[in-house]
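J.: give me the fold of what follows.
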Amino acid sequence: MAEAIAHAFRGGKLMIWREDELMEIHGWPDPWARRKVARAAWERFDPAFPLVVPYRPSRRKKGSCGTQMQLSLGDTPVKSRAEERRRAFAGFRFSLPKDVARRLEPFRSLQWRLLVGCALSDCFVELLGSNPVLAYFWAGRMAACPRDGRVFDVAGTMPQRALAEELMLPGSKSGVKLMRKVFVPALSRMTAPNLQRLLCNEETRMRCQHLPRINTGIINLLAQPGLASWTAPNLLNEVAEAKDELFRSPTAERLEDHRRLWRQLGDERLRTFTSREELREDHQRIVARYHDREREREAARREELARLARIARDPEAQRREREARAAARLREPFPEPPVPGMQTIEPLRDEAALRQEGRAQHNCVGTYANRVRAGSHYIYRVTWPERATLSLVRGEAGTWLRGQCEIAHNRAAGAKTVQLVDQWLQDQQAIPGAGAGATA
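T.: Modelled structure (predicted):
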């Protein structure tokens, strides 16, 4: 069960309660954060979760009154924990200068360091607006959040090409210009190394020159040479424009699954895909081939078991024992699901369930057993509003993010299904300032 969390914005401070822990976070003009556990003394800390989140006014019935000032006065009754959290984070946002809040909002990690930099250096505020990627990498290079404004002044006053070279990024004019195409919410500690590899490789930089933007899908696709060689320019344009590639990389994940299946089938030929649909169709064919091979192997295993049983002293007993051992391996339970299921979203708790789901939905989740055991993925069966297969991927700070959510034959699930999954994931995890669909 997720921890019970309460939120409030009082006296210029964002306050968060988590069972026996209290956090106080002050924003502008002197950012500081402290926390205490039970009766222990207060200690300073750097918040790792987003603090400046998009403001979405609550829906009011016609004829009701209220202003944004009520967010901090607290004179409007709070109807739900989600509404309480929304108001608290909105109050924190409105306590910051508008231009600073607007520039911090897209970032999903390192927000606290960037906020401290903005408070200490006007030059850094300008850098954050003109080239967010450089500002992010500058904040990320430090082991701890500095409190000396000169550290941020250096970044804000240095020519951007020189700053890029200082950060081990391409210092060319075209390289700095390309950084401005990066979809800022895609930046995270997980994607930053891939983005750095992409930017430092001349070939991948050239392939990005004509893309409308560089989102999570592009970053994770082009940063891996083994995947980039399978992509044609038109496919890259589709990935750059696709909404489902903003925060995740379904095409890169599918292509990696595709290559892995081809290798398991003994085929190492290079293929180039021109569209996401072509990749999906070819992936469906290879999944079918994989399942055909698995059925053949299963038939061969059964035949071998039968042969051994016939030559054994007690053939029937030998057969039962071998079948029991094989069934036990398939039924060996996975670790407990990271997010509790619900009536319409059911965790698949063993390898046999994964294989059954793969056969029923005509996908390759039957091959995900090792990933589940390793703790990087978990698979769920969605039964309403449509039949779908859902994968969760372990993200930063141990949070779990929505991976792929697809109906049979690897087709994308409908908007209603995705909305239900995101709401379930957000309600179960209850992470301050974070929601489903964050960076993977």
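J.: setting aside sequence neighbours, what's the nearest residue to residue 411?
T.: residue 280 (7.5 Å; Cβ to Cβ, 6 or more residues apart in numbering). Where C-beta positions appear, they are placed from N, C-alpha and C, glycine not excepted.
J.: list the contacts for the one you found?
T.: Residues near residue 280 by Cβ atoms under 8 Å, 6 or more residues apart in numbering: 254, 410-411.
J.: any idea how far it lies from residue 162?
T.: Residue 280 sits 44 Å away from residue 162, going by Cβ to Cβ, to the nearest Å.
J.: over to residue 130?
T.: Distance, residue 130 to residue 162, by Cβ to Cβ: 14 Å.
J.: between those two, which has more neighbouring residues?
T.: A side-by-side neighbour count of residue 130 and residue 162, using other Cβ atoms under 10 Å, places residue 130 first with 14 against 10.
J.: can you count the residues close to the nearest residue to that one once chain neighbours are set aside?
T.: Of all residues not flanking residue 130 in the chain, residue 160 sits nearest, at 7.5 Å (Cβ to Cβ, 6+ apart). By the criterion of other Cβ under 10 Å, residue 160 has 19 neighbours.
J.: ok, now the one 4 residues further on?
T.: Number of residues near residue 164 (other Cβ under 10 Å) recorded here: 22.
J.: enumerate every residue touching it.
T.: Under the criterion of Cβ under 8 Å, 6+ apart, the neighbours of residue 164 are 134, 170-171, 175-176, 179.
J.: how does it look with 7 Å?
T.: Each residue near residue 164 by Cβ atoms under 7 Å, 6 or more residues apart in numbering is listed here: 134, 170-171, 175-176.
J.: residue 286 now?
T.: Contact analysis of residue 286 by Cβ under 7 Å, 6+ apart lists 258, 261-262.
J.: and the residues you listed, which of them are in helices?
T.: Counting by DSSP state H, the part of those found in helices is 258, 261-262.
J.: what is the nearest of those to residue 13?
T.: The closest of those to residue 13 turns out to be residue 258 (Cβ to Cβ; 50.0 Å).
J.: need the pLDDT of that closest one.
T.: Looking at residue 258, its pLDDT reads 87.
J.: verify the contact between it and residue 283 for me.
T.: Yes - Residue 258 lies in contact with residue 283 (Cβ atoms under 7 Å); the separation is 5.0 Å.
J.: which among the contacts of residue 280 end up buried?
T.: Members of those that pass the buried threshold by neighbour count (16 or more other Cβ atoms under 10 Å) are listed as 254, 410.
J.: could I get the contacts of residue 280 as CSV with pLDDT?
T.: Below are those laid out as CSV (pLDDT from 0 to 100):
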residue, pLDDT
254, 90
410, 92
411, 93
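J.: ok, the contacts of residue 280 vs residue 126, which is closest?
T.: Nearest to residue 126, judged by Cβ to Cβ, of the contacts of residue 280 is residue 254 at 40.2 Å.
J.: mean confidence for stretch 131-143?
T.: Mean per-residue pLDDT for stretch 131-143: 88.
J.: quick one: buried residues of that stretch?
T.: For stretch 131-143, by 16+ other Cβ under 10 Å, it's 131-140.
J.: now the helix or strand containing residue 199: average pLDDT?
T.: Using DSSP states H and E, residue 199 falls within helix 192-200. Mean pLDDT, computed over helix 192-200, is 92.
J.: against which helices or strands is the helix or strand following it packed?
T.: On the C-terminal side of helix 192-200, the closest following helix or strand by DSSP H and E is helix 202-208. The contact analysis (3 or more Cβ pairs under 7 Å, 6 or more residues apart in numbering; DSSP states H and E) places helix 202-208 against helix 173-179, helix 216-222.
J.: quick check: mean pLDDT of the longest helix belonging to the chain?
T.: Of all the segments of type helix in the chain, defined by DSSP H, the longest one is helix 276-311. When pLDDT is averaged over helix 276-311, the result is 86.
J.: starting at the chain centroid, how far to that helix?
T.: In terms of Cα atoms, centre = their mean, to the nearest Å, the centre of helix 276-311 is set 32 Å apart from its chain centre.
J.: which element is encountered next along the chain beyond it?
T.: Using DSSP H and E, the helix or strand that follows helix 276-311 towards the C-terminus is helix 315-331.
J.: can I get that next one in PDB, CA atoms only?
T.: Extracted as PDB, the C-alpha positions of helix 315-331 are listed here (Å, rounded to 0.1, in the frame of the first residue of the first chain):
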ATOM      1  CA  PRO A 315       7.800 -45.000 -17.300                       C
ATOM      2  CA  GLU A 316       4.600 -43.500 -15.900                       C
ATOM      3  CA  ALA A 317       6.200 -42.300 -12.700                       C
ATOM      4  CA  GLN A 318       9.100 -40.800 -14.600                       C
ATOM      5  CA  ARG A 319       6.800 -38.900 -17.000                       C
ATOM      6  CA  ARG A 320       4.800 -37.500 -14.100                       C
ATOM      7  CA  GLU A 321       7.900 -36.300 -12.300                       C
ATOM      8  CA  ARG A 322       9.400 -34.600 -15.300                       C
ATOM      9  CA  GLU A 323       6.100 -32.900 -16.100                       C
ATOM     10  CA  ALA A 324       5.700 -31.700 -12.500                       C
ATOM     11  CA  ARG A 325       9.200 -30.300 -12.600                       C
ATOM     12  CA  ALA A 326       8.600 -28.400 -15.800                       C
ATOM     13  CA  ALA A 327       5.300 -27.100 -14.500                       C
ATOM     14  CA  ALA A 328       6.900 -26.000 -11.300                       C
ATOM     15  CA  ARG A 329       9.500 -23.900 -13.200                       C
ATOM     16  CA  LEU A 330       6.800 -22.100 -15.100                       C
ATOM     17  CA  ARG A 331       4.800 -21.500 -11.900                       C
END
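J.: and the helix or strand following it, how far out from the chain's middle?
T.: Counting by DSSP H and E, the next helix or strand C-terminal to helix 315-331 is strand 345-347. The chain centroid and the centroid of strand 345-347 are separated by 19 Å, computed with Cα atoms, centre = their mean.
J.: kindly report the same for stretch 367-377.
T.: Centroid separation for stretch 367-377 versus its chain: 16 Å, with Cα atoms, centre = their mean.
J.: average pLDDT across it?
T.: The pLDDT scores in stretch 367-377 average 92.
J.: so which residues make contact with that stretch?
T.: With Cβ under 7 Å, 6+ apart as the contact definition, stretch 367-377 has outside contacts at 334-335, 351, 354, 378-379, 391-394, 403.
J.: using CSV, lay out the contacts of residue 286 together with distance to residue 227.
T.: Listed next are these as CSV, based on distance: Cβ to Cβ, whole Å:
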residue, distance to residue 227
258, 9
261, 14
262, 13
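J.: filter those residues to the buried ones?
T.: Buried subset of the contacts of residue 286 (neighbour count, 16+ other Cβ under 10 Å): 258, 261-262.
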